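**Student:** Return atomic coordinates for the entry below.
(chains A, B, C and D)
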There are 2 protein chains.
Amino acid sequence: MTSGFEIYCHSHTNLSDEEIERIVSTAIPGSLQRNESLLQQGQVCRHKTFILKGLLRTYGIAEDGSEYILQFSTDNSWTLDAESYHLQSASQFNITAIERTEVLQWTRADFDRLLTDIPALNIYSLQLITRTTYTGRQRLFTTLSASPEEKYEDFVRTYPDLLARLPLHMIAAYLGISLKTLTRIRHSQLHR
Amino acid sequence: MTSGFEIYCHSHTNLSDEEIERIVSTAIPGSLQRNESLLQQGQVCRHKTFILKGLLRTYGIAEDGSEYILQFSTDNSWTLDAESYHLQSASQFNITAIERTEVLQWTRADFDRLLTDIPALNIYSLQLITRTTYTGRQRLFTTLSASPEEKYEDFVRTYPDLLARLPLHMIAAYLGISLKTLTRIRHSQLHR
DNA sequence: CGGTCTCTTGACGGAGTTCAAAGCTAGTGG
DNA sequence: CCACTAGCTTTGAACTCCGTCAAGAGACCG
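**Tutor:** Below you'll find the predicted structure:
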């Protein structure tokens, strides 16, 4: 059986078939219902997760109880709370399924062993974390500098495919604006 | 001559004296006047930079010309535009000295060789980038969720030492609020 | 078909921004 | 060493955009 993960590895890494097979053999498959959580605030993030299909959000809860979304993760990408995973500390964030989601997971111990044994995986991991840093910077700059309208336009440009799969209030929670403002922007853009 | 860099390496890494010496021997020392730039928007970031003493800011310019600060970097820390450095692409950001600053720099080629040859340096680099990712997340969440007042309090808590070294308009540009609002907050906090 | 979730809209209030002016400070050059 | 200037900080007035509250219509799911 050739899974989506194997196809992904072939096109994004230099891993050999044997290496991929070894990686897959230690993976734990799982699936999440809509609204089911992969990780909750206060828990330790014990797995590295690859998303075969579906949609997750990583979010934190502000003091007043409102939700702010740091990241959406969809098909063929990785998700975890890096800090909690590496330090085995309590996570401040939640990761929850927006749609039914199929995942592969690795425990820290298993994945560390793979990293030690497979140099190509190590290189790929490094690329990944580097890219994460870039997009994070970009996101921070936009969040700081852009107006609500610019943020929305940027979101549409960057994630056109997500637009249809997300309720508006989550887009608002991602952009850091109120639902009201988001609706207002969308309304004003119709009349152009 | 034992430089601040060597002392730093001893306390923060597992590098041996010989390794440290090798690293230092390929470094290019430099110094920046107040307001002098290490990197300007559009240039390629050709060096990895360690700050011996001083204070730098990394910032971007929004479309309307205003400045937003992504990061302050001070004594015994590293700075660069990671994306520009790794991809040798044009940087979107500027890095400029706030105070007179003494640095050590390595070219990409030299540092890559060091990384290949010295495993302990590799491990340290990985820790560093991992920590960068954490703080970036934290920053994003605060930027999204906190009120201007909370942001300021958080800044004071996190960087008490920087407070005295920075003009207020830079703190405002870091927090993403107007100078006016920052003054108002500081004023209101006096009367408590 | 009933209920929950989602989206839109209106009225209102307020926090933050912009613009402008003026006092203060510190660094520079004569 | 002093005078001067440029940059820094504060403050005021007016405005505007965004958020909160509230209500209602529509869509989707069980």
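
**Student:** Quick check: buried residues in stretch A:148-160?
**Tutor:** For stretch A:148-160, burial by neighbour count (16 or more other C-beta atoms under 10 Å in any protein chain shown) applies to A:148-149, A:151-152, A:154-155. All C-beta spots, glycine's among them, are computed from the backbone N, C-alpha and C.

**Student:** now stretch A:124-140
**Tutor:** Those would be A:124-125, A:129-130, A:132-133, A:136-137, A:139-140, for stretch A:124-140 by 16+ other C-beta under 10 Å.

**Student:** Adding pLDDT, secondary structure and distance to A:Gln71, write those out as CSV.
**Tutor:** Formatted as CSV, the buried residues of stretch A:124-140 follow (pLDDT from 0 to 100; DSSP: H, G, I helix; E, B strand; the rest coil; distance: C-beta to C-beta, whole Å):
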residue, pLDDT, secondary structure, distance to A:Gln71
A:Tyr124, 96, helix, 20
A:Ser125, 96, helix, 18
A:Ile129, 94, helix, 14
A:Thr130, 92, helix, 16
A:Thr132, 95, helix, 9
A:Thr133, 95, helix, 13
A:Gly136, 96, helix, 9
A:Arg137, 96, helix, 14
A:Arg139, 97, helix, 9
A:Leu140, 98, helix, 13
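
**Student:** ok, so of these, who is nearest B:Ser73?
**Tutor:** A:Arg137 (13.9 Å; C-beta to C-beta).

**Student:** tell me the contacts of the closest residue to that closest one other than its chain neighbours?
**Tutor:** The spatially closest residue to A:Arg137, leaving aside those adjacent along the chain, is B:Leu70, at 6.4 Å (C-beta to C-beta, 6 or more residues apart in numbering or on different chains). Counting by C-beta atoms under 8 Å, 6 or more residues apart in numbering or on different chains, B:Leu70 makes contact with A:137, A:140-141, A:144, B:58-60, B:93.

**Student:** which two from the buried residues of stretch A:124-140 end up farthest apart in space?
**Tutor:** Within these, A:Tyr124 and A:Leu140 form the most distant pair, 24.8 Å apart (C-beta to C-beta).

**Student:** so does the helix or strand of chain A with the lowest mean pLDDT get close to DNA strand C?
**Tutor:** Ranking every helix and strand in chain A by mean pLDDT, DSSP states H and E puts helix A:179-190 at the bottom, with a mean of 92. Yes. Contact of helix A:179-190 with DNA strand C (C-beta under 7 Å from any atom of the strand) involves A:179-180, A:183-184, A:186-187.

**Student:** need the contact list for the nearest residue to A:Ile28 once chain neighbours are set aside.
**Tutor:** Among residues not flanking A:Ile28 along the chain, A:Gln105 sits closest, at 4.7 Å (C-beta to C-beta, 6+ apart). Counting by C-beta under 8 Å, 6+ apart, A:Gln105 makes contact with A:27-30, A:47-50.

**Student:** Name the SS class of the residue nearest in space to the middle of chain A, please.
**Tutor:** For chain A, the residue nearest the mean C-alpha position is A:Ser73 (3.0 Å; C-alpha atoms, centre = their mean). Put simply, A:Ser73 is strand when judged by DSSP: H, G, I helix; E, B strand; the rest coil.

**Student:** With A:Ile123 instead?
**Tutor:** Strictly by three-state DSSP, A:Ile123 counts as helix.

**Student:** Tell me the residues on chain A that lie near chain B, please.
**Tutor:** Counting by C-beta under 8 Å from any C-beta of the partner chain, the residues of chain A close to chain B are A:60, A:62, A:66, A:68, A:70, A:82-83, A:86, A:92-93, A:126, A:129-130, A:132-134, A:136-137, A:139-141, A:143-146, A:176.

**Student:** one more time with 6 Å
**Tutor:** A:60, A:62, A:68, A:82-83, A:133-134, A:136, A:140-141, A:143-145, A:176 (C-beta under 6 Å from any C-beta of the partner chain).

**Student:** So which of the residues you listed reach DNA strand D?
**Tutor:** Intersecting the residues of chain A next to chain B with the contacts of DNA strand D gives A:Gly176 (criterion: C-beta under 7 Å from any atom of the strand).

**Student:** so which helix or strand takes in A:Gln127?
**Tutor:** For A:Gln127, the enclosing helix or strand under DSSP states H and E is helix A:119-145.

**Student:** mind listing the helices in chain A by residue range?
**Tutor:** Here chain A has its helices, by DSSP state H, at A:4-12, A:17-25, A:82-87, A:108-117, A:119-145, A:148-158, A:168-175, A:179-190.

**Student:** could I get the residues of helix A:179-190 next to DNA strand C as a markdown table with distance to B:Glu18?
**Tutor:** Output for the residues of helix A:179-190 next to DNA strand C, formatted as a markdown table (distance: C-beta to C-beta, whole Å):
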| residue | distance to B:Glu18 |
| --- | --- |
| A:Leu179 | 60 |
| A:Lys180 | 63 |
| A:Thr183 | 64 |
| A:Arg184 | 64 |
| A:Arg186 | 62 |
| A:His187 | 67 |
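
**Student:** Show the buried residues in the residues you listed.
**Tutor:** Buried among the residues of helix A:179-190 next to DNA strand C by 16+ other C-beta under 10 Å: none.

**Student:** from those, which single one is nearest chain B?
**Tutor:** A:Leu179 (14.8 Å; C-beta to the nearest C-beta).

**Student:** tell me the contacts of the closest one?
**Tutor:** By C-beta atoms under 6 Å, 6 or more residues apart in numbering or on different chains, A:Leu179 lies in contact with A:169, A:172.

**Student:** That one and A:Pro167: what is the separation?
**Tutor:** Here A:Leu179 is placed at a distance of 9 Å from A:Pro167 (C-beta to C-beta, to the nearest Å).
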